[in-house]
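*Asks:* mind folding the following:
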Amino acid sequence: MTLIIYLVGWLIFIGGVSWALVAMHVSQHIIMIVAVILLGIAVITGATRARNRDRS
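*Replies:* Have a look, this model is predicted:
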């Protein structure tokens, strides 16, 4: 459940960053690249945090 909450927070953050990039008139493909990179970082950090919490 912690991983889900963590990823939802990241999705809100990614949405905010994407919205800011749209407001700055950045190209759509650049926005998609940034969103995919941020999503990858979210999954990696979320998995490592959830795995470390399960070991305790």
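
*Asks:* going forward, measure contacts between C-alpha atoms and count neighbours the same way
*Replies:* Noted.

*Asks:* can you tell me how far I37 sits from S18?
*Replies:* According to CA to CA, to the nearest Å, I37 stands 12 Å off from S18.

*Asks:* ugh, wrong one, T2
*Replies:* Distance of T2 to S18, computed by CA to CA: 24 Å.

*Asks:* what is the one helix or strand in the chain whose mean pLDDT sits lowest packed up against?
*Replies:* Least confident helix or strand, the chain: helix 28-55 with a mean of 86, by mean pLDDT, DSSP states H and E. Applying 3 or more CA pairs under 8 Å, 6 or more residues apart in numbering; DSSP states H and E, one finds that helix 28-55 contacts helix 2-23.

*Asks:* what pLDDT, on average, does the helix it packs on get?
*Replies:* Here helix 2-23 scores 92 as its mean pLDDT.

*Asks:* not counting it itself, show me its contacts.
*Replies:* 28, 31, 34-35, 38-39, 42-43, 46-47, 50 (CA atoms under 8 Å, 6 or more residues apart in numbering).

*Asks:* which of those count as buried?
*Replies:* Using 16 or more other CA atoms under 10 Å as the burial test, the contacts of helix 2-23 include 31, 34-35, 38-39, 42, 46 as buried.

*Asks:* that older thread, between T2 and S18, which is the more surrounded one?
*Replies:* Neighbour count, other CA atoms under 10 Å: between T2 and S18, S18 has more, with 19 against 11.

*Asks:* so V26, which state does it fall into?
*Replies:* Three-state assignment for V26 (DSSP: H, G, I helix; E, B strand; the rest coil): coil.

*Asks:* L39 versus that one, what's the distance?
*Replies:* 19 Å.

*Asks:* before we move on, what about G9?
*Replies:* From G9 across to L39, the span is 11 Å (CA to CA).

*Asks:* what of Y6?
*Replies:* For Y6 relative to L39 (CA to CA), the value is 12 Å.
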